[in-house]
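*Asks:* got a structure for you, letters missing:
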């Protein structure tokens, strides 16, 4: 009955506007330490961070905890964490816990980059 | 009443929530209840995570489909869970808040070896099933879509409200 379990894949790319972290798979208690480590490391870069959720199929409250910890760490340094492209199940988790009210969530990564450019231009 | 049930026992480990989700997804697919999947999977993931973090011993998952979908998780811990108040920037404490939001009912039932934590989702009145779905036949034309009250023939169920 128990087949191969889906892991979380994490890819980081440094763009002119921000450091982008793209995650795919499922984010729960077994996979969240890897993302926690990645976001802790990327936060040391002193730049805004975009977490691209387009290929994330599942996230529970453990994943929310990782996102909130990274958000706090970045905002302490006057930087920001922005989310983009959450799919319906992930968006639901974000909304139920009110995270959509305290964090910027944009529909696509390109849109998020535009948003950051407009902020820095303004 | 046509009621279906299945059980899965998992070693307490960080992988237990993912294995439990897989088990539930397979059951709901086989029972033609994909509409309930997203909420049930998330609720189960929260309960199994709590059982791993705060419970003890093996984790047992029982899923039952009758007039409602019932998902129950057993661990050997004696402590009773409670919804915590949390601020929007707190990093923990959201698990049972999610379960409370996603389910129609939830609660805990201590037993001699630990406790059950469970939630139920009432079945939504289904639109006519798509003819192309070649899976198992849909559940027996559901009778009244309401639970017949707490407990039924099972153990007494205690709803615990937010502390």
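*Replies:* Okay, I see it. Computed from a predicted model, the values in this text were never measured in an experiment.
*Asks:* How about the longest helix seen in chain A, which residues are buried there?
*Replies:* Taking DSSP state H as the criterion, chain A has its longest helix at helix A:61-76. Using 16 or more other C-beta atoms under 10 Å in any protein chain shown as the test for burial, helix A:61-76 gives A:61-71, A:73-74. C-beta coordinates here come from the backbone N, C-alpha and C atoms, glycine included.
*Asks:* Over to stretch A:37-52?
*Replies:* A:38-39, A:42-43, A:47-52.
*Asks:* what's near enough to touch the residue positioned nearest the centre of chain A?
*Replies:* Against the mean C-alpha coordinate of chain A, by C-alpha atoms, centre = their mean, the closest residue is residue A:51 at 2.8 Å. Residues near residue A:51 by C-beta atoms under 8 Å, 6 or more residues apart in numbering or on different chains: A:21, A:23, A:39, A:67, A:70, A:81-84.
*Asks:* Apply 7 Å and report the result again.
*Replies:* Contacts for residue A:51 (C-beta atoms under 7 Å, 6 or more residues apart in numbering or on different chains) come out as A:21, A:23, A:67, A:81, A:83.
*Asks:* just these now: which is nearest residue B:97?
*Replies:* Lowest distance from residue B:97 to the contacts of residue A:51 (C-beta to C-beta) belongs to residue A:67, with 15.7 Å.
*Asks:* Could you list the low-pLDDT ranges of chain A?
*Replies:* A:1-6 (pLDDT under 70).
*Asks:* Equivalent analysis for chain B, please.
*Replies:* B:1, B:82-92, B:125-163.
*Asks:* Tell me the helices and strands packed up against the longest helix seen in chain B.
*Replies:* Taking DSSP H as the criterion, chain B has its longest helix at helix B:37-54. For helix B:37-54, the packing partners by 3 or more C-beta pairs under 7 Å, 6 or more residues apart in numbering or on different chains; DSSP states H and E come out as helix A:88-96, helix B:16-30, strand B:59-65, strand B:68-75, helix B:95-102, strand B:114-122.
*Asks:* Give me whichever of the ones you listed is most buried.
*Replies:* Among the helices and strands packed on helix B:37-54, strand B:68-75 has the highest mean neighbour count (mean count of other C-beta atoms under 10 Å in any protein chain shown), at a mean of 25.
*Asks:* what's it packed up against?
*Replies:* helix B:37-54, strand B:59-65, strand B:114-122.
*Asks:* Parallel or antiparallel, list what pairs with the top strand by length along chain A.
*Replies:* For chain A, the strand that runs over the most residues, judged by DSSP state E, is strand A:49-59. Counting by DSSP bridges, the strands paired with strand A:49-59 are strand A:19-27 (parallel), strand A:81-84 (parallel).
*Asks:* Figure out which of the ones you listed is closest to residue B:74.
*Replies:* Residue B:74 sits nearest to strand A:19-27 of all those, at 23.4 Å, using C-beta to C-beta.
*Asks:* gap between residue A:22 and residue B:52?
*Replies:* Separation of residue A:22 from residue B:52 (C-beta to C-beta, to the nearest Å): 28 Å.
*Asks:* of those two, who's got more company?
*Replies:* residue B:52 (22 against 19; other C-beta atoms under 10 Å in any protein chain shown).
*Asks:* what is the residue nearest to the centre of chain A paired to in the beta sheet?
*Replies:* residue A:21, residue A:83.
*Asks:* And it, how close does it get to residue A:35?
*Replies:* Using C-beta to C-beta, residue A:51 is found at 9 Å from residue A:35.
*Asks:* which bits of chain B sit near chain A?
*Replies:* Contact residues, chain B versus chain A (C-beta under 7 Å from any C-beta of the partner chain): B:14-15, B:17-19, B:22-23, B:38, B:41-42, B:45-46, B:49, B:52, B:88-89, B:91-92, B:94-95, B:97-98, B:101.
*Asks:* go again using 8 Å as the cut-off
*Replies:* Chain B comes close to chain A at residues B:8, B:14-15, B:17-19, B:21-23, B:26, B:38, B:41-42, B:45-46, B:49, B:52-53, B:88-92, B:94-95, B:97-98, B:101-102, as judged by C-beta under 8 Å from any C-beta of the partner chain.
*Asks:* re earlier: dump the helices and strands packed on helix B:37-54 into TSV; add distance to residue A:119 as well.
*Replies:* Listed next are the helices and strands packed on helix B:37-54 as TSV, based on distance: least, C-beta to C-beta, whole Å:
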stretch	distance to residue A:119
helix A:88-96	21
helix B:16-30	37
strand B:59-65	46
strand B:68-75	43
helix B:95-102	32
strand B:114-122	41
